[in-house]
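[1] My questions concern the predicted model and sequence given below.
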Number of protein chains: 2
Amino acid sequence: MKAKIFVTLKKGVLDPQGKAIHASLTHLGIGGVEDVRVGKFMELTLKETGRDEARMRLEEACRRLLANTVIEDYRIEIEG
Amino acid sequence: MKAKIFVTLKKGVLDPQGKAIHASLTHLGIGGVEDVRVGKFMELTLKETGRDEARMRLEEACRRLLANTVIEDYRIEIEG
């Protein structure tokens, strides 16, 4: 079973990495970009369990390890 | 117009960050995970242009700045 976790900065939280990428794109002459926000993306391979069980475990993983819930949001997608 | 870019390590490239997350999950008692691969995730806000034009620019951005194509793959999703 595969799962994807997306961790993104909450709206309103400053994203210096995104700002740096935006500036670099401009320097490279790649225009048409108004804003860039950078996040983390994890692909997990899970042992076969129920989807509810898997989601519960991944929620716990996000809260305790993968996301800083003060400034970050997370989204879990379970596939197959 | 919004776009998402996913940058992931190519298959077979070692992912020490993923291994560290896997080990930490085990230490926290969160089991059932077989493998973790970590990638980057970018959300871009684009000025309104054609989708083809936007995709061309983002392909260039990935090749020249956002991904190291020797060890990384990228995927572009254009929305709306």
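    All right, it came through fine.

[2] what about the residue nearest to A:T69 when sequence neighbours are not counted, is that helix, strand or coil?
    Of all residues not flanking A:T69 in the chain, A:R63 sits nearest, at 6.3 Å (Cβ to Cβ, 6 or more residues apart in numbering or on different chains). Placement of C-beta: from N, CA and C, glycine included. When classified by DSSP: H, G, I helix; E, B strand; the rest coil, A:R63 comes out as helix.

[3] how far away is A:R63 from chain B?
    10 Å (Cβ to the nearest Cβ, to the nearest Å).

[4] Quick one: name whatever helix or strand follows the strand or helix carrying A:A54.
    Element membership for A:A54 (DSSP states H and E) is helix A:51-61. Once the chain leaves helix A:51-61, the next helix or strand it forms, by DSSP H and E, is strand A:72-79.

[5] quick one: average pLDDT of the lengthiest strand in chain A?
    In chain A, ranked by residue count with DSSP state E as the criterion, the top strand is strand A:33-46. Throughout strand A:33-46, pLDDT has a mean value of 96.

[6] buried set for it?
    For strand A:33-46, burial by neighbour count (16 or more other Cβ atoms under 10 Å in any protein chain shown) applies to A:33, A:36-44, A:46.

[7] near chain B, which residues of chain A?
    Within chain A, the residues that sit near chain B (Cβ under 8 Å from any Cβ of the partner chain) are A:6, A:8, A:18, A:21, A:24-25, A:28, A:30-47, A:49, A:53-54, A:57, A:60-61, A:64-66.

[8] Quick check: neighbours of the longest strand of chain A in the sheet, parallel or antiparallel?
    If you go by DSSP bridges, strand A:33-46 pairs up with strand A:2-9 (antiparallel), strand B:33-46 (antiparallel).
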